[in-house]
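K.L.:
Okay, sequence plus prediction incoming.
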Amino acid sequence: MIDIESFETILNELSEELPVAFYDELNLGIVISENEKIHPKSAASPLYILGEYRHDMVGRGIVIYYGSFMQCYGGASEQVLRQKMRETLRHEFRHHMESRAGLRDLEIIDKMEIEAMTGQKSDY
């Protein structure tokens, strides 16, 4: 299992792969939460949320859940963990870019996937 400091180092490296323009209007930046987060529609087995894009009155930001990553990939190699972190970070940046453009395509796709995994209809 990787410690949170190493996780942060990897996330910083992955963040530097992205163009500077992606960070426009991301005033809350990228934050690592030590916690795990479970989707509220999880049933028998927990559905861990790895990352989350937030856009509210305070601003726009991305939260990456270290605890969720450790629950899902704590025993994985650093290479696998790095790839999952890259995928999650880019997924959350896509939410950011779509939000800035007034689009919700990925949000709709995410809701459909959650419905398929949980068997529960969304409020969307």
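P.N.:
Ah, there it is.
K.L.:
what about I2, distance to E113?
P.N.:
27 Å (C-beta to C-beta, to the nearest Å). Every residue, glycine included, has its C-beta placed from N, CA and C.
K.L.:
Sorry, wrong one. I was asking about R54.
P.N.:
Distance from R54 to E113, by C-beta to C-beta: 19 Å.
K.L.:
neighbour count winner among those two?
P.N.:
Taking other C-beta atoms under 10 Å, R54 and E113 do not tie; R54 has more neighbours (16 against 10).
K.L.:
you'd agree the more buried one is in a helix?
P.N.:
No - assigned with DSSP: H, G, I helix; E, B strand; the rest coil, R54 falls outside any helix and is strand.
K.L.:
and the nearest residue to it once chain neighbours are set aside, what does it touch?
P.N.:
Nearest residue to R54, sequence neighbours excluded (C-beta to C-beta, 6 or more residues apart in numbering): G61, at 5.2 Å. Contact partners of G61, counting by C-beta atoms under 8 Å, 6 or more residues apart in numbering, are L26, N27, L28, G29, I30, V31, Y53, R54.
K.L.:
For G61, give me phi and psi.
P.N.:
The phi/psi pair for G61 (degrees, to the nearest 10) reads phi -160, psi 170.
K.L.:
ok, and for the lengthiest helix in the chain, which residues are buried?
P.N.:
Longest helix in the chain by number of residues, with DSSP state H as the criterion: helix 78-101. Of all the residues in helix 78-101, those buried under the rule 16 or more other C-beta atoms under 10 Å are 81-82, 85-86, 88-89, 92-97, 99.
K.L.:
Farthest pair within those?
P.N.:
L81 and S99 (27.0 Å; C-beta to C-beta).
K.L.:
shaky segments in this structure?
P.N.:
Within the chain, the ranges that satisfy pLDDT under 70 run 122-124.
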